[in-house]
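Trainee: sharing a model prediction with you, sequence too.
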Amino acid sequence: MTVPFHASPAQTLGVEWELALVDHETHDLVNAAGPVLDALHAASGPDCTAEVTHELLRNTVEVVSGIHECASPAVAEVAAGVAALREVASPLGVDLLSAGTHPFARWDQATLTDYPRYAELIERTQYWGRQMLIWGVHVHVGITSVHKVLPILNSLLRSAPHLQALSASSPFWEGTDTGYASNRALLFQQLPTAGLPFQFGGWEEFESFVDDQLFTGVIDSVAEMRWDIRPSPRLGTLEVRVCDGVPTVRELGALVALIHCLVVDLDARLDDGEELPTLPPWHVQENKWRAARYGLGAEVILDARGREALITDDLDEVLNRLEPVAAALGCAGELADVAQIPVLGAGYQRQRAVAASSGGDMAAVVAAMVGELDV
């Protein structure tokens, strides 16, 4: 079948920031999306231009930016949306939190948003679908030609572990330290159409795959492929869904800028006639596991020959290479902030530090994350 890709006229940017709703007193998740969104819509003024929507579970909302040319205005728009959301949530006794998972909440206490697509998902996936107490950051980058989509996606998988490690903020699950920097990464891939994407040789091969998936009933639409990085044919973008939720605007801006720069750089290298570097799928899979397990302490596989490097060492090289791209895009400051994440500690490291200093008090971890949401 034909899957039309509505190419973007420019390498524009859009950001989606998922947030958890937590009770101000208990710090547990609260199924309050309905009242919070009702209050927001009643109070919204001209300063709140971001779209704020419900998600799969009633303990979650998502703030979505419009289309922007670079990271700064996109992040500023979603940050303003979060600020407006917090203003109406606070009187209801609801706090906002952004992380990959909640440190101690139980999945069986969450209620589903009343929406047919969500009900169908849970009916199919059952136990694992109900486990999805997870939150992330999604970044769309416009792709100007259908012929560039898959070469860029395939090469971008080399940077997926870096994005995973930098954003990792889900070490705890139901009060237990899982030993992983990003437990979210492994939870989410339990869904049948989630996880790492396949590496296709061309758009026609992708179309054949979609046709097969539709014919066999695996999906009802392309949007049901929930890969870590996926084409969005309707929007004309690549959507990068690797990242855990991050609690600060500075981290959000850094990750958005890094993703934008990576995609624009790969696009330019294609224009220069370069064959973009890729990794064998088994190395991509191993790198994802290492980044989820060890975070910024992971050693990643760099090429098909099996060369390895500490992820932070390779990140330094990546950031140096992307500096001219960031300058051209107007996000040099945000890209520079990427290097500060290992210095200040990623989300998973800060959560573990609070847990250690509080005698393992998971409520204290939640309170610290709520306090970090700097909007």
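Mentor: Arrived safely. Everything numeric here is computed off the predicted structure, so don't read it as measured data.
Trainee: could you list the low-pLDDT ranges of the protein?
Mentor: Within the chain, the segments meeting pLDDT under 70 span 44-48, 112-115, 119, 375.
Trainee: what are the ranges of the helices in it?
Mentor: Counting by DSSP state H, the chain has helices at residues 33-43, 71-89, 116-130, 146-156, 160-167, 183-188, 203-215, 249-271, 281-294, 311-329, 332-338, 340-344, 347-357, 362-372.
Trainee: hey, which of these is tucked in deepest?
Mentor: helix 160-167 (a mean of 27; mean count of other Cβ atoms under 10 Å). (C-beta placed from N, C-alpha, C; glycine too.)
Trainee: relative to helix 347-357, how tilted is that one?
Mentor: Interaxial angle of helix 160-167 relative to helix 347-357 (axes from the mean of the first three to the mean of the last three Cα atoms, to 10 degrees): 40 degrees.
Trainee: neighbouring contacts of helix 160-167?
Mentor: For helix 160-167, the external contacting residues (Cβ atoms under 8 Å, 6 or more residues apart in numbering) are 100, 137, 181-182, 185, 196, 228-229, 240, 242-246, 251, 254-255, 258-259, 284, 287-288, 290-292, 294-296, 298, 300, 311, 314-315, 318, 338, 341-342, 346-347.
Trainee: one step back: out of the helices of the chain, nearest to His27?
Mentor: Relative to His27, the nearest member of those by Cβ to Cβ is helix 362-372, separated by 3.9 Å.
Trainee: by how many degrees do the longest strand along the chain and helix 71-89 diverge?
Mentor: In the chain, taking DSSP state E as the definition, the longest strand is strand 13-23. Relative orientation of strand 13-23 versus helix 71-89 (the same axes, to 10 degrees): 20 degrees.
Trainee: buried ones in strand 13-23, by neighbour count?
Mentor: 13-23 (16 or more other Cβ atoms under 10 Å).
Trainee: cool, stretch 302-309 as well?
Mentor: So stretch 302-309, judged by 16+ other Cβ under 10 Å, has buried residues Leu302.
Trainee: how long is it end to end?
Mentor: Terminal residues of stretch 302-309 lie 7 Å apart, using Cα to Cα, to the nearest Å.
Trainee: what does it rub up against?
Mentor: With Cβ under 8 Å, 6+ apart as the criterion, stretch 302-309 contacts 158, 277, 279-280, 283, 299-301, 314.
Trainee: which of these are buried?
Mentor: The neighbour-count test (16+ other Cβ under 10 Å) applied to the contacts of stretch 302-309 identifies 158, 279, 283, 299-301, 314 as buried.
Trainee: now those in TSV, with distance to Arg352?
Mentor: What follows is the buried ones among the contacts of stretch 302-309, written out as TSV (distance: Cβ to Cβ, whole Å):
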residue	distance to Arg352
Arg158	28
Leu279	30
His283	28
Glu299	20
Val300	22
Ile301	26
Asp314	24
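Trainee: for Glu25, see how far away the closest residue to Glu286 other than its chain neighbours is.
Mentor: If the residues on either side of it in the chain are set aside, Glu286 comes closest to Ile301, at 6.2 Å by Cβ to Cβ, 6 or more residues apart in numbering. Remark: distance between Ile301 and Glu25 (Cβ to Cβ, to the nearest Å) = 46 Å.
Trainee: re the thing from before, among the contacts of stretch 302-309, which ones are in strands?
Mentor: 299-301.
Trainee: just the closest of those residues to Ala89, please.
Mentor: Of these, the one sitting nearest to Ala89 (Cβ to Cβ) turns out to be Val300, at 38.5 Å.
Trainee: hmm, Asp313 and the closest one touching each other?
Mentor: No - the criterion here is Cβ atoms under 8 Å, and Val300 misses it with Asp313 at 9.6 Å.
Trainee: ok, Leu329 to Ala268 distance?
Mentor: From Leu329 to Ala268 the distance is 11 Å (Cβ to Cβ).
Trainee: also Glu87?
Mentor: Taking Cβ to Cβ as the measure, Glu87 and Ala268 are separated by 41 Å.
Trainee: swap in Ala10?
Mentor: 13 Å.
Trainee: Pro73 now?
Mentor: 22 Å.
Trainee: kindly report the same for Ser232.
Mentor: In terms of Cβ to Cβ, Ser232 sits 21 Å off from Ala268.
Trainee: same thing with Ala364?
Mentor: Using Cβ to Cβ, Ala364 is found at 46 Å from Ala268.
Trainee: residues in contact with the closest residue to Trp289 other than its chain neighbours?
Mentor: Take Trp289 and drop its neighbours on the chain: the residue closest to it by Cβ to Cβ, 6+ apart is Leu186, 7.9 Å away. Residues near Leu186 by Cβ under 8 Å, 6+ apart: 180, 289, 292.
Trainee: likewise Tyr294?
Mentor: Neighbouring residues of Tyr294 by Cβ under 8 Å, 6+ apart: 165, 181.
Trainee: these two touch, right, Pro35 and Leu92?
Mentor: Yes - in terms of Cβ under 8 Å, Pro35 counts as a neighbour of Leu92; the distance is 5.9 Å.
Trainee: CSV for the buried residues of strand 13-23, including distance to Ser208?
Mentor: CSV is the format used below for those (distance: Cβ to Cβ, whole Å):
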residue, distance to Ser208
Leu13, 30
Gly14, 28
Val15, 32
Glu16, 29
Trp17, 34
Glu18, 32
Leu19, 38
Ala20, 39
Leu21, 41
Val22, 45
Asp23, 48
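Trainee: and which of those residues is nearest Glu224?
Mentor: Nearest to Glu224, judged by Cβ to Cβ, of those is Glu16 at 16.8 Å.
Trainee: would you mind measuring from the closest one to Glu77?
Mentor: The value you get for Glu16 to Glu77, if Cβ to Cβ is used, is 11 Å.
Trainee: now list whatever residues contact both of these two.
Mentor: Ser65.
Trainee: so for Ile152, what's the nearest residue that isn't a sequence neighbour?
Mentor: Per Cβ to Cβ, 6+ apart, closest to Ile152 is Leu266, 4.7 Å.
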